[in-house]
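Asker: would you be able to build a 3D model of this:
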Amino acid sequence: MFHKLFDVSRPNEDPTPTDPSNAPVTGPQPTVARGKEKVPSQIKVLIAAAFVIAIGYGIVAPVLPQFASSFGVGVAAASAVVSAFALCRLLFAPASGAVVNKLGERPTYLIGLLVVALSSAATAFAETYWQLLLFRGLGGVGSTMFTVSAMGLIVRLAPPRMRGRISGYYATAFLLGGILGPVVGGLLAGFGMQAPFIIYAVALLIASAVVYFRLKDETLAARKAKNPQQPMKFREAFEVGAYRSALVSSFATGWTAYGVRVALIPLLAVQLVGEGPQVAGLALAVFAAGNALALTFTGRLTDKLGRKPLILTGLIVCAVATIGVGLVSSVPLFVILSLISGMGSGTLNPGQQAAVADVIGPERAGGKVLSRYQMSADAGQILGPILAGALADAAGFGWAFGVSGGLMLLAALAWLPAKETMPSEENPDNNKQAA
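Answerer: Predicted structure coming up:
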């Protein structure tokens with residue numbers, strides 16, 4: 001599937017830049033049967049770039065704490081370098097949304113990639129701990145720029161009835177890159193701790209070049225000229241029930257699936273299950289495997305059955321599995337529940353992102369709306385490990401994972417009153433009715 005998805009060399013799929021009529025069709029197409037539309041070539045460029053970015057990040061992530069420790073600092077200071085990246089993403093997210101609305105998605109995407117590339121290269125040559133902390137923080141600024149703008153590009157370019165499928169493809173690209181990255185990083189261990197950061201910088205420069213030459217801005221400009229609407233304000237999106245629900249579920253997912261899972265699973269494996277880092281690594285790996293397995297079909301189901309059913313299913317499955325993880329002491333059950341949790345996460349993510357895209361629509365810039373959505377996930381990812389870790393110290397891992405699973409159930413409750421946002425042939429502007 002992916003060799004076809006990443007093939008962006010077929011010129012007959014590219015729009016002619018000088019002819020606005022050749023812009024990608026993102027509105028409803030009643031004459032094309034659902035599921036028969038083709039993924040626009042511009043989307044393939046973004047997916048390929050996401051894959052390259054994720055591999056680079058995966059190369060760097062395992063080395064970064066050790067690199068920080070080489071400056072003679074303690075565990076807390078070494079961990080702070082990792083947190084600095086996420087914290088700067090969170091703090092700069094509102095400004096990145098304004099930049100997207102001002103400059104446009106493509107320029108912001110390219111600037112963000114270049115900022116992360118330069119900060120990564122600078123990290124490799126950091127001479128003090130404080131330089132390292134500064135350079136990684138700047139990387140977080142660039143990261144939120146290209147993350148928010150990439151979501152904006154997908155909103156604009158993805159055909160409405162393919163948003164779930166394309167969200168699944170995009171998430172899969174990041175997931176596969178994240179899995180392969182540490183493997184590649186391990187092979188580079190003999191070249192020194194600076195090598196991964198230089199390779200990450202080169203990978204980002206390659207991704208920048210691909211996006212610059214293959215993703216043209218003319219089609220976006222033509223669409224804006226044809227429909228000169230004001231960017232969607234956060235207040236306007238917040239009036240839509242599905243968007244409010246997406247903020248809640250994004251926070252819960254960031255807390256549980258991306259924060260607590262990474263921070264506490266290794267500790268749980270040792271203290272509760274009684275096993276070492278091998279079992280923890282296996283649990284994290286099968287979570288990713290479950291995520292990838294679910295993404296192979298949930299994107300299409302999201303476009304066929306609707307956003308809400310898949311979101312609710314994923315939240316409930318992930319919640320039950322997360323609660324169970326904190327209660328078991330058997331290694332097989334521990335691994336199985338990690339797999340089920342990953343499948344739940346892979347089930348809800350395409351629908352959640354597609355619902356936000358439905359609310360914004362293809363004709364308006366939604367930088368601020370998307371940045372707040374991204375902020376909710378980042379906030380959960382930062383707060384989850386801290387608060388759940390404190391709860392684990394005070395009351396045990398069962399409570400920590402129980403509260404984390406409970407947040408997912410609360411997010412499911414938040415989605416119950418929300419109306420379906422998926423466009424249909426009869427109602428192409430379904431987002432207008434989803435308040």
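Asker: which stretches of the stretch 51-200 of the chain form helices?
Answerer: With DSSP state H, counting those that start in this stretch as the criterion, the stretch 51-200 of the chain has helices at 64-69, 75-103, 105-124, 129-157, 163-187, 195-214.
Asker: wait, I meant the stretch 301-435 of the chain
Answerer: Shown for the stretch 301-435 of the chain, the helices assigned by DSSP H, counting those that start in this stretch span residues 307-325, 331-360, 367-395, 397-415.
Asker: nearest to residue 135, out of those?
Answerer: Across the helices of the stretch 301-435 of the chain, residue 135 has its closest neighbour in helix 367-395 (19.4 Å, CB to CB). From N, CA and C alone the C-beta is placed, and that goes for glycine too.
Asker: check contacts around the residue nearest the centre of the chain.
Answerer: Nearest to the mean C-alpha position of the chain, by CA atoms, centre = their mean, lies residue 171 at 6.5 Å. If a contact means CB atoms under 8 Å, 6 or more residues apart in numbering, then residue 171 has 291, 295, 346, 349-350, 353 as its contacts.
Asker: circling back: out of the helices of the stretch 51-200 of the chain, the one nearest residue 359 is which?
Answerer: helix 129-157 (9.3 Å).
Asker: would you mark the buried spots in the closest one?
Answerer: For helix 129-157, a neighbour-count test (16 or more other CB atoms under 10 Å) marks 129, 132-157 as buried.
Asker: okay, the contacts of residue 171 in JSON lines with pLDDT and distance to residue 53 next?
Answerer: Converted to JSON lines, the contacts of residue 171 look like this (pLDDT from 0 to 100; distance: CB to CB, whole Å):
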{"residue": "291", "pLDDT": "90", "distance to residue 53": "18"}
{"residue": "295", "pLDDT": "90", "distance to residue 53": "17"}
{"residue": "346", "pLDDT": "93", "distance to residue 53": "19"}
{"residue": "349", "pLDDT": "93", "distance to residue 53": "17"}
{"residue": "350", "pLDDT": "92", "distance to residue 53": "19"}
{"residue": "353", "pLDDT": "92", "distance to residue 53": "17"}
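Asker: which of the residues you listed are buried, as a ChimeraX select command?
Answerer: The ChimeraX command for the buried members of those (criterion: 16+ other CB under 10 Å) is given here:
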select :291,295,346,349,350,353
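Asker: the contacts of residue 171 into JSON lines, with extra columns for distance to residue 51?
Answerer: Putting the contacts of residue 171 into JSON lines (distance: CB to CB, whole Å) gives the following:
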{"residue": "291", "distance to residue 51": "15"}
{"residue": "295", "distance to residue 51": "14"}
{"residue": "346", "distance to residue 51": "17"}
{"residue": "349", "distance to residue 51": "17"}
{"residue": "350", "distance to residue 51": "17"}
{"residue": "353", "distance to residue 51": "17"}
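Asker: farthest pair within the contacts of residue 171?
Answerer: Largest separation among the contacts of residue 171 by CB to CB: 291 and 353, giving 14.0 Å.
Asker: so which of the helices of the stretch 51-200 of the chain gets nearest residue 371?
Answerer: Nearest to residue 371 among those is helix 75-103 (3.1 Å), distances taken as CB to CB.
Asker: list the buried ones in the closest one?
Answerer: Across helix 75-103, burial judged by 16+ other CB under 10 Å covers 78-81, 83-90, 92-94, 96-97, 99-101, 103.
Asker: test my guess that residue 117 contacts residue 204.
Answerer: Yes: with contact defined as CB atoms under 8 Å, residue 117 reaches residue 204; the gap is 3.7 Å.
Asker: okay, now the unreliable bits of the stretch 101-250 of the chain?
Answerer: Along the stretch 101-250 of the chain, segments meeting pLDDT under 70 span 189, 217-229.
Asker: and if we set it to 80?
Answerer: Scanning the stretch 101-250 of the chain for pLDDT under 80 picks out 178, 182-190, 215-230.
Asker: now stretch 147-161 - C-alpha only, PDB.
Answerer: The C-alpha coordinates for stretch 147-161 follow below in PDB (Å, rounded to 0.1, in the frame of the first residue of the first chain):
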ATOM      1  CA  THR A 147       2.600  20.200  13.100                       C
ATOM      2  CA  VAL A 148      -0.200  22.800  13.100                       C
ATOM      3  CA  SER A 149       0.400  23.800   9.500                       C
ATOM      4  CA  ALA A 150       0.500  20.200   8.300                       C
ATOM      5  CA  MET A 151      -2.900  19.700   9.900                       C
ATOM      6  CA  GLY A 152      -4.100  22.800   8.200                       C
ATOM      7  CA  LEU A 153      -2.900  21.600   4.800                       C
ATOM      8  CA  ILE A 154      -4.600  18.300   5.300                       C
ATOM      9  CA  VAL A 155      -7.900  20.100   6.100                       C
ATOM     10  CA  ARG A 156      -7.600  22.100   2.900                       C
ATOM     11  CA  LEU A 157      -6.400  19.400   0.600                       C
ATOM     12  CA  ALA A 158      -8.200  16.200   1.700                       C
ATOM     13  CA  PRO A 159     -11.500  15.400   0.000                       C
ATOM     14  CA  PRO A 160     -14.200  15.600   2.800                       C
ATOM     15  CA  ARG A 161     -15.200  12.000   2.400                       C
END
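Asker: enumerate every residue touching the closest residue to residue 80 other than its chain neighbours.
Answerer: Leaving out its chain neighbours, the residue that sits closest to residue 80 by CB to CB, 6 or more residues apart in numbering is residue 133, at 6.9 Å. Contact analysis of residue 133 by CB under 8 Å, 6+ apart lists 80-81, 84.
Asker: and if you look at residue 312?
Answerer: 412, 415-416.
Asker: residue 249 too?
Answerer: By CB under 8 Å, 6+ apart, the residues touching residue 249 are 311, 315, 348, 352, 411-412, 414-415.
Asker: in which helix or strand does it reside?
Answerer: Counting by DSSP states H and E, the element that carries residue 249 is helix 241-253.
Asker: tilt between that helix and helix 307-325?
Answerer: For helix 241-253 and helix 307-325, the angle between their directions (axes from the mean of the first three to the mean of the last three CA atoms, to 10 degrees) works out to 20 degrees.
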